[in-house]
Each structure stands twice: as C-alpha cells, then as structure tokens.
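Undergrad: Sequence first, then the predicted structure, then my questions.
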Amino acid sequence: MEWEVVIGLEIHAQLATQSKIFSGASTAYGASPNTQACAIDLGLPGVLPVLNKEAVHMAAKFGLAIGAEVAERSVFARKNYFYPDLPKGYQISQFEHPVVKKGYLDIDLEDGSSKRIGVTRAHLEEDAGKSLHEDFEGMSGIDLNRAGTPLLEIVSEPDIRSAKEAVAYMRKMHSLVQYLEICDGNMQEGSFRCDANVSVRIKGEKELGTRTEIKNLNSFRFIEKAINYEAERQIDIIENGGKITQETRLYDADRDETRPMRSKEEANDYRYFPDPDLLPVEVTREYLDQVRLSLPELPEEKKQRFISEYGLSNYDASVLTASREMAEYFEAVVTASGGESKLSANWVMGEVIGALNRDGLDIDACKVNPQQLGGLIKRITDGTLSGKLAKTVFTAMWEGEGDADTVIEKRGLKQVTDTGLIEKVIDEIIANNPAQVEQYRSGKDKVFGFFVGQTMKATQGKANPQQVNDLLMKKLKG
Amino acid sequence: MSLQKSDVEKIAHLARLSLSDNDIPSYATNLSNILQLVAQMNHTDTEGVEPMAHPLDATQRLRADEVTESNQREYFQTIAPAVENGLYLVPRVIE
C-alpha cells in the first residue's frame, strides 16, 4: 500500500522591530529577566495596547512579497487561555480578519523542478513570555521579556507532501523574511520557528487523514526528522488497525521521536472575540503602493537576474541567492574581479562555501572578503596564478595572511611564464634523462607525464602548465 | 438554546471560575437567556450589512516603533508574591 504524507506548516517569525507590538518596551534579545517587560506586557489593570506602525509595515511587505492581498481592514482578537507566561489570560492575535490573505511561495525541489505551496494567511500577534521549570524548589520562574514581541504567523495550505518539501519551504520562507528585513531569522534564539501539522492517507484518496500537530520546531534538521518520525508512527498505527488521535506532540531530538504534550488546556477552546481595546486597522491602497515600490529585489527575481546577467545555471543561481548576504557577497566578488562572473561563481560555490562549511561559519563571517577574492581572481585571469597556486593563495588568505598580492609576493608563488626560464629547466631535464627521452621517441607516449612532473618539481609547481606542455612537446620531438 | 449543567461547568472551568453546585441552575438560566437574545437577533435580516468589529466608528491609531519604556522591574516586582533572580515565581505548571 502506498502512503502519502500531507503536511501544513505554521511558521512564527519574530518581527525585527525595536519595540514591542503593543508597548514601547525593547525587544532586544538576551536582557536580564523582566527588565524589558513594562506595565502593558505584564497585563496590569488599566493599561491599553497601542499598535506598532512598523509591525503593520512589515506584515504588508510580507503580504506583497508572496503575491497576497493585504487586507485594507484587519481586526485583532483575543485568544483566551490560561498559562503563567501569558499574564493577561489572553493573547492578542487575529482570527477572522488577518492582515495578509491568500498568497503562495514557489519552492525548488531536489530534481530541479519547482512546486507552488499555497499560503492560507498570515496574521499579526504577540508572543508570550518564557517559563523556566528548573531550580526553583517546586516553583516555575517566569520571564516576560519576550511577552509582547511582534510575531507574524504564516500558515501554509496542506500542500506539502514530504519532510524534504517541508524543509525546502521553510528554508525559502527563512530566506524571504531576511531579504525583506522583517525578521533576523535566528533560529537558535527562536526568532523563526514552526509547528507542523502532519497526517497520512493512502495515495489517491481525497479525504485528509486525522492530523497531529508537532510544536516548536526550531531547526531545519529537526523539522525533517520530526516529520519523518511522525509519518511513520501514524502509518504503523493505521496498518495495525488503530486510529490516529488528534493531538499536539513535541519532538524530542535526543530520542528522535515525537510524544504527546501534556494537556495545556483542554481542546483548543480559545473563545476568540474581537479585542475591544483595539480598533480595526486600516491601510490604504496608496500606502500599499508605496510599500510595493520600496520592496527590495526578492530571491526569485534575483535568481532570474543572475541567470540572465551573469550567465549562471539555474542551480548556481539558486545557491548564490539562497540568502541576501550570499548574493551580495557574490556580486561584490564579480565587481572586484573585473566582471569575471563565471569564475567568481565557481570560487564562491567551491572554495568559499567549502571553507565556510568546514569552519561552521556563515557568509557574513567569511574570512576572505569579496575584495580579496576578486583580487585573487584577477591574478588568475592575468596569468599570474595557475588554478592550483590560486588555491594555495586562497588558503593563505583564509588564514589571515593578507590579500592575494601580498601572499603571492611573500610566498613567492608567482607563476613562471618566462619561456626562456622554463626552456632552460626543460633542457636540463632532457639532458639528465636520456633513457626516458629514448623511450618517448620510440613511441611510449606515457613517459610524457614523467617530464611534466619533473618540470613542475624543478619549478616548485609554479611553471605555467600550458607552456610546459607546449615546450616539452616541441623539445622532445628533437 | 438551553444550557445544561455540564455546559456551565465547562464554561466555568475555561474561565477558571469556581461555582458551587447550588448556583449552577441560576447560571444556566441566565446564560441561556443571553443565548436566547442572540438567537432572536439572528433572525434579523443582516444581508449586506458589514459586521462591526468595534462599537466606535474609528480606526486604530498607530505608534512609531520606538523604545519608550525603561526598566522598572524592581518597582513592578514589589507587588509580586514571589520573585527570584529577577523572575516571577509561580506554582509549578508542569508535573
């Protein structure tokens, strides 16, 4: 029996505002507990929320970027539940009238094709605080610094069919919110996290199976593993004649399994109603037109431009536009190299990404800056360096030995292109190895490699390989 | 629509209200009366009328994204029953 996995994701992106969504407290990460929780965030009596203009602006940018209609009128509602890190007893969210309506995101699949994933809606809401359950002798500690941080909850259609597609969607969304500069994308700090709704059905069936929701996935690797585990668990249950219970589950990375969450509140009986403290939010057509004009070049547009402007393949263009920082780095290298786009792409995707992965660094912490790499590429195109020497220079630059010209000078790595000099070396080698010369001349072509090796050895690898070949060919003929 | 005892108990639990058994019948009656009023309003033809989100015919004013609040933790925590290392302490919420 062939099973099909059906997945929908709810992504929570913390918006990169300075202050909270309904108060003037700071949203900076890592402050001492409760030093950034003001009277509004604490839900003290008599306070009133006032909406942050920038949060609305960021939501509008997002909506336009996914081809969605941005609602000219949206409404905040109260989602009621009791938990100590939610001081008011309700979360201010949006329910019936979200700020962003239906849109979509195209993702790239492994086989090179692309797939369109529907986005049902995206709405603004406030984050809750944090509960710490250790070390307080039977009590829980509550830090409300995060309470009131603006979130954009992005809800996808159940269009995703595998854990890999879920990761591709998540990555693309992660890249998009950073391109738009509406979220810092820091998953370790929880700025970008998701809940996955997973169900299974026999392939070809129309009805959706009963779903479970896996909460709080905050790494691409965990999303993939959690979904794979959960899909297998559900298939096992059904194949053994059981039924899936609709419930919320947590992924335990240490054990690589999902398990039911302790019941936080029975059923999702949130009793939403419009928040009387907040009036409907209106944005005008003119405002949205302005926002549209201010949008940066988006990943998909940038990718298409890289293909047409730099002659890159679809794959290369995807890799180089995966993040805004990567794309900016690449374009700076092209400029610094004097327009060598293909060579720049090869170096960024080869040596640079290789070294970053090896050292576990992001592109913004790259140890070779675009000017340095561009300078290195210039020394390849002008014949100063062979490809092999260039790699040596790159490694030296990575180790902090300065820019390409400094390394070449200091280490004496300049490629030897002086024909007279190479000829002299070759003459000597021919004179010293009469037996091999005889072999070559009697038809043993393989011996040619021996001469190339000897010549490179004698010049410490610095002789221009093409010249060595040409000269050897000529001289060995006799 | 008429609410049963179990409905009242569920609503009370969701709102974290403690009701005595003696009071439940009167709550059931009162709440049912409210629902009856709503049912009556549901009979009104509202075709083409846009639902109100707020009784005031106005739209939300927005504030600039600026940090205007300073740290007043010590002051706020004077009314908290228990604090430690800057955290508010509450009865443990997980087993």
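TA: Structure received.

Undergrad: Could you use CA atoms for every contact and neighbour count after this?
TA: Will do.

Undergrad: So is stretch A:45-53 next to chain B?
TA: Yes. Judged by C-alpha under 8 Å from any C-alpha of the partner chain, stretch A:45-53 comes into contact with chain B at A:50, A:51, A:52, A:53.

Undergrad: Which stretches in chain B count as helices?
TA: When assigned using DSSP state H, the helices of chain B occupy the ranges B:5-14, B:24-42, B:73-77.

Undergrad: Could you count how many residues lie near the nearest residue to residue A:297 once chain neighbours are set aside?
TA: For residue A:297, the nearest residue in space outside its immediate sequence neighbours is residue A:179; the separation is 8.0 Å by C-alpha to C-alpha, 6 or more residues apart in numbering or on different chains. Here the neighbour count serves as a burial measure; for residue A:179 (other C-alpha atoms under 10 Å in any protein chain shown) it reads 21.

Undergrad: same check, this time on residue A:200
TA: Should you count by other C-alpha under 10 Å, residue A:200 turns out to have 24 residues around it.

Undergrad: and it, bridged to which residues?
TA: The partner list for residue A:200 in beta bridges (DSSP bridges) reads residue A:5.

Undergrad: That one reaches residue A:8, doesn't it?
TA: No. Residue A:200 is beyond contact range of residue A:8, at 11.8 Å (criterion: C-alpha atoms under 8 Å).

Undergrad: Provide the contact partners of stretch A:196-216 at residue level.
TA: Taking C-alpha atoms under 8 Å, 6 or more residues apart in numbering or on different chains as the criterion, the residues outside stretch A:196-216 that touch it are A:1-10, A:193-195, A:217, A:223, A:226-227, A:230-231, A:234-235, A:244-251, A:258.

Undergrad: Give the buried residues for the least confident helix or strand in chain B by mean pLDDT.
TA: Between all helices and strands in chain B, the lowest mean by mean pLDDT, DSSP states H and E belongs to helix B:5-14, at a mean of 91. For helix B:5-14, a neighbour-count test (16 or more other C-alpha atoms under 10 Å in any protein chain shown) marks B:8, B:9, B:14 as buried.

Undergrad: what do you get for stretch A:456-464?
TA: Residues of stretch A:456-464 classed as buried under the neighbour-count rule (16+ other C-alpha under 10 Å) are A:456, A:461, A:462, A:463, A:464.

Undergrad: Pipe the residues of stretch A:45-53 next to chain B into CSV and attach pLDDT and secondary structure per row.
TA: Formatted as CSV, the residues of stretch A:45-53 next to chain B follow (pLDDT from 0 to 100; DSSP: H, G, I helix; E, B strand; the rest coil):
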residue, pLDDT, secondary structure
A:50, 97, coil
A:51, 98, strand
A:52, 98, strand
A:53, 98, helix
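
Undergrad: just to revisit the earlier point, now the angle between helix B:24-42 and the least confident helix or strand of chain B, please.
TA: If you take axes from the mean of the first three to the mean of the last three C-alpha atoms, to 10 degrees, helix B:5-14 sits at 90 degrees to helix B:24-42.

Undergrad: So what's the gap between helix B:5-14 and the chain middle?
TA: Relative to the mean C-alpha coordinate of its chain, helix B:5-14 is positioned 15 Å out (C-alpha atoms, centre = their mean, to the nearest Å).

Undergrad: Output the contacting helices and strands for it.
TA: Using 3 or more C-alpha pairs under 8 Å, 6 or more residues apart in numbering or on different chains; DSSP states H and E, the elements in contact with helix B:5-14 are helix B:24-42.

Undergrad: what's the helix it packs on in contact with?
TA: Applying C-alpha under 8 Å, 6+ apart, the external contacts of helix B:24-42 come out as B:1, B:2, B:3, B:4, B:5, B:8, B:9.

Undergrad: In a strand, residue A:10, correct?
TA: Yes. Residue A:10 forms part of a strand when assessed by DSSP: H, G, I helix; E, B strand; the rest coil.

Undergrad: Burial check on it, number of neighbours?
TA: Burial of residue A:10, expressed as a neighbour count using other C-alpha under 10 Å, amounts to 24.

Undergrad: Same check on residue A:339?
TA: Using other C-alpha under 10 Å, residue A:339 has 16 other residues around it.

Undergrad: so what pLDDT did residue A:320 get?
TA: pLDDT for residue A:320: 95.

Undergrad: Excluding chain neighbours, what is closest to it?
TA: The nearest residue in space to residue A:320 (C-alpha to C-alpha, 6+ apart) is residue A:327, at 5.3 Å.

Undergrad: And residue A:402, by the same measure?
TA: Residue A:402's closest residue in space is residue A:396 (C-alpha to C-alpha, 6+ apart), at 7.8 Å.

Undergrad: Do you have the strands of the stretch 251-400 of chain A handy? List them.
TA: A:257-260, A:273-274, A:281-282 (DSSP state E, counting those that start in this stretch).

Undergrad: closest one to chain B among those?
TA: strand A:281-282 (5.1 Å; C-alpha to the nearest C-alpha).

Undergrad: Residues in contact with that closest one: which ones?
TA: Contact with strand A:281-282 is made by A:71, A:72, A:73, A:74, A:75, B:59, B:60, as judged by C-alpha under 8 Å, 6+ apart.

Undergrad: Next: stretch A:315-331.
TA: Outside stretch A:315-331, the residues touching it (C-alpha under 8 Å, 6+ apart) are A:112, A:172, A:175, A:178-179, A:299, A:302-304, A:306-307, A:344-345, A:348-349, A:363-364, A:370.

Undergrad: Drop anything exposed from those.
TA: Those of these that meet the buried threshold are A:172, A:175, A:178-179, A:299, A:302-304, A:306-307, A:344-345, A:348-349, A:363, A:370, by 16+ other C-alpha under 10 Å.

Undergrad: Quick check, the residue in the stretch 151-300 of chain A closest to chain B?
TA: Residue nearest to chain B within the stretch 151-300 of chain A: residue A:279 (4.6 Å; C-alpha to the nearest C-alpha).

Undergrad: what's the longest strand in chain B?
TA: For chain B, the strand reaching the highest residue count under DSSP state E is reported as strand B:87-91.

Undergrad: hang on, the earlier thing: mind putting the residues of stretch A:45-53 next to chain B into a markdown table with neighbour count?
TA: What follows is those, written out as a markdown table (neighbours: other C-alpha atoms under 10 Å in any protein chain shown):
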| residue | neighbour count |
| --- | --- |
| A:50 | 20 |
| A:51 | 23 |
| A:52 | 23 |
| A:53 | 17 |
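
Undergrad: And stretch A:334-352, how far out from the chain middle?
TA: The gap between where stretch A:334-352 is centred and where its chain is centred comes out at 21 Å by C-alpha atoms, centre = their mean.

Undergrad: Compute the first-to-last residue distance for it.
TA: Between the opening and closing residues of stretch A:334-352 lies a distance of 14 Å (C-alpha to C-alpha, to the nearest Å).

Undergrad: The strands of the stretch 251-400 of chain A into JSON lines, with extra columns for mean neighbour count and mean pLDDT?
TA: Supplementary listing: those in JSON lines, determined by neighbours: other C-alpha atoms under 10 Å in any protein chain shown; pLDDT from 0 to 100:
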{"stretch": "strand A:257-260", "mean neighbour count": "16", "mean pLDDT": "90"}
{"stretch": "strand A:273-274", "mean neighbour count": "20", "mean pLDDT": "94"}
{"stretch": "strand A:281-282", "mean neighbour count": "18", "mean pLDDT": "96"}
